[in-house]
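Asker: A structural model of the following input is requested.
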Amino acid sequence: MSTHPRPRLYLDVDGVLNAEAPRFDDVQTVVVTVDHGAGYQTQYQITWSPTVVRGLEALREDFDLELTWLTTWLGSKTMIDDLVAAVGGLTGGRRLVMPPRKLSGYISADWKREAILADLARDPVPYIWADDVELPLHGVFVRAAFPSMKFLHIAPLPENGLTREHLAEIRTFLEGV
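Answerer: Model (predicted):
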């Protein structure tokens with residue numbers, strides 16, 4: 001039985017998994033349809049690399065890495081399930097709670113920061129946070145709240161999403177935890 005705490009990956013979707021031009025040879029594009037009920041549907045085009053999904057799955061397996069979704073894709077009950085089905089991996093995982101949007105569509109810019117702070121306060125473990133937008137804005141606040149906690153922050157370029165280098169950086173971090 002391991003005496004090390006289970007490390008956690010907080011994972012965003014757009015600009016991280018879903019990118020305009022992932023830097024891989026196996027890029028695929030699918031359309032995910034989200035059914036909002038009452039005949040209202042939204043379609044999202046997802047461009048992703050199976051290499052990234054396989055790489056994340058290998059990290060989960062090799063290091064007992066806990067996948068925790070932290071994305072606006074949590075705004076619908078089925079979006080993550082639809083995404084997981086479309087990319088053929090990343091099943092399970094916890095889902096942090098996204099607050100409901102206002103009627104105007106607005107959601108607080110701080111919601112991800114508040115969600116990760118509360119989650120780490122409840123269960124402090126070494127963590128990785130991969131987010132292209134919120135991490136550059138809020139990563140310093142999360143680091144300051146838990147100064148002795150081991151962490152890795154990855155803010156990929158949104159047009160490329162996660163890269164081979166990011167996957168290798170995560171593996172190196174997890175080897176040292």
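Asker: In contact with Pro7, which residues?
Answerer: Contacts for Pro7 (C-beta atoms under 8 Å, 6 or more residues apart in numbering) come out as Phe63, Asp64, Leu65, Glu66, Val125, Pro126, Tyr127, Ile128, Leu174, Val177. C-betas here are computed from N, CA, C, even on glycine.
Asker: if you set the cut-off to 6 Å instead, what comes out?
Answerer: By C-beta atoms under 6 Å, 6 or more residues apart in numbering, the contact list for Pro7 reads Leu65, Pro126, Leu174, Val177.
Asker: per-residue pLDDT, the second one?
Answerer: Per-residue confidence at Pro126 stands at 98 (pLDDT).
Asker: same question, the first one
Answerer: The predicted local confidence for Leu65 comes out at a pLDDT of 98.
Asker: I figured Glu134 hits Trp111, correct?
Answerer: No: look at Glu134 against Trp111 with C-beta atoms under 6 Å: they stay out of range, at 8.8 Å.
Asker: Those two - which one has more neighbours?
Answerer: Glu134 (24 against 19; other C-beta atoms under 10 Å).
Asker: how much space between the residue lying closest to that one once chain neighbours are set aside and Leu11?
Answerer: In space, and not counting its chain neighbours, Glu134 is closest to Lys112: 4.5 Å by C-beta to C-beta, 6 or more residues apart in numbering. Per C-beta to C-beta, to the nearest Å, Lys112 is found 11 Å from Leu11.
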